[in-house]
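Student: give me coordinates for this.
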Amino acid sequence: MNLAQRFFHALLFCATFAAGCRDALGGDTNLFLARIHTTAAGRTLPYRLLLPKNYEPARSYPVILYLHGGAGRGTDNLKPLEWGPMLFLEPGVRDKHDFFLVVPQCPRGSGWISGMKKWEDNDPMPLALELVRQVLPKEFRLDPKRRYLTGVSMGGVAVWSTMIQKPGFFAAAVPVCSGGDSGMVTAAAAKYPIWVFHSDDDPLMPVQSVRELVKEWSKQGGIAKYTEYTGLQHSSWKKAYVDATMFDWLFAQKLP
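Tutor: I've put the predicted structure just below:
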């Protein structure tokens, strides 16, 4: 079994593992507007939308697309908030930075992408991109040069794949407790910076594969910041999303 196969095999166990370590929601979930994106063909994608704390309609804002892991799948439009988005409400983040946060929900029995190298037309990931590229900009002033991508576990896999398959769509990305195949990294993808967070004892996403990804990103000429924790297992997001330095760095990134 090669690295990619082991990696996707591990994803099958994410929901079981996560069910044993989930945290109760803290903060006000009502701050995340509950919405559903419906395409002309009738496909739907539930999502939550967090507006900037000091929202002004005339201003242009950066936007973060957050992708949950396997345990967040379903149709309740609530479960994805359990795995990181609530931390974006912390005063150290939201009082300092004005941004939109988009939190879509992947259907049960599916993944954001069907494969690292090729997406299928019915994958949820294209719908998520459509949401930040076409749908929300009709309603809000989103800065196309300041789109950012982050995700955990299964969502982090899609972060790596998206940065590689769609270089230049996002100004920067933050993959958390996730991995992939370093052989897929290209010079085109590496033009856009990433900051990776992982724990050395992650039982689902082998740390060595992440180290190789970071190394290859740098080898291809890109900026790849890397924070490796100890003892967090598959919960690196608990520290990553309260790292004020990471957010300062993220919002400083901008497309040409």
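Student: confirm that Phe140 sits in a helix.
Tutor: No - assessed with DSSP: H, G, I helix; E, B strand; the rest coil, Phe140 is coil; it does not lie in a helix.
Student: how close does it sit to Val132?
Tutor: Distance of Phe140 to Val132, computed by CB to CB, to the nearest Å: 10 Å. In this view, the C-beta of every residue, glycine as well, is placed from N, C-alpha and C.
Student: which of the two has more neighbours?
Tutor: Val132 (23 against 17; other CB atoms under 10 Å).
Student: surely that one touches Asp143?
Tutor: No - Val132 lies out of contact with Asp143 (CB atoms under 8 Å); the separation is 11.0 Å.
Student: ok, the residue nearest to Arg48 when sequence neighbours are not counted - contacts?
Tutor: Nearest residue to Arg48, sequence neighbours excluded (CB to CB, 6 or more residues apart in numbering): Phe32, at 3.8 Å. Residues near Phe32 by CB atoms under 8 Å, 6 or more residues apart in numbering: Arg48, Leu49, Leu50, Leu81, Pro85, Leu101, Val103.
Student: now for the residues you listed: which two are most distant?
Tutor: Pairwise distances across these peak at 11.7 Å for Leu49 and Leu81 (criterion: CB to CB).
Student: shared neighbours, the two?
Tutor: Phe32, Val103.
Student: out of those two, which sits in the more crowded spot?
Tutor: Here Leu49 and Leu81 are set side by side on neighbour count (other CB under 10 Å), and the busier one is Leu81, at 22 against 19.
Student: circling back: mind putting the contacts of Phe32 into TSV with secondary structure, pLDDT and distance to Thr245?
Tutor: As requested, those are exported to TSV (DSSP: H, G, I helix; E, B strand; the rest coil; pLDDT from 0 to 100; distance: CB to CB, whole Å):
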residue	secondary structure	pLDDT	distance to Thr245
Arg48	strand	98	26
Leu49	strand	98	26
Leu50	strand	98	21
Leu81	helix	97	24
Pro85	helix	97	19
Leu101	strand	98	19
Val103	strand	98	23
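Student: let's have those residues in a markdown table, adding distance to Thr230.
Tutor: Converted to a markdown table, these look like this (distance: CB to CB, whole Å):
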| residue | distance to Thr230 |
| --- | --- |
| Arg48 | 32 |
| Leu49 | 35 |
| Leu50 | 31 |
| Leu81 | 27 |
| Pro85 | 25 |
| Leu101 | 28 |
| Val103 | 28 |
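Student: just curious, which of those residues is nearest to Pro193?
Tutor: Nearest to Pro193 out of the contacts of Phe32 is Leu101 (CB to CB; 19.6 Å).
Student: does that closest one touch Pro62 like I think?
Tutor: No - look at Leu101 against Pro62 with CB under 8 Å: they stay out of range, at 9.9 Å.
Student: just the buried subset of the contacts of Phe32, please.
Tutor: Buried by 16 or more other CB atoms under 10 Å: Arg48, Leu49, Leu50, Leu81, Pro85, Leu101, Val103, out of the contacts of Phe32.
Student: need the contact list for the last one.
Tutor: For Val103, the contacting residues are Phe32, Tyr47, Arg48, Leu49, Leu50, Tyr66, His68, Pro80, Leu81, Pro85, by CB under 8 Å, 6+ apart.
Student: distance-wise, check the fourth one relative to Asp243.
Tutor: Going back to what we said before, that points to Leu49. Distance from Leu49 to Asp243, by CB to CB: 23 Å.
Student: C-terminal to the worst-scoring helix or strand of the chain on mean pLDDT, what's the next element?
Tutor: Ranked by mean pLDDT, DSSP states H and E, the weakest helix or strand in the chain is helix 14-19, scoring a mean of 39. Following helix 14-19 in sequence order, the next helix or strand is strand 32-38 (DSSP states H and E).
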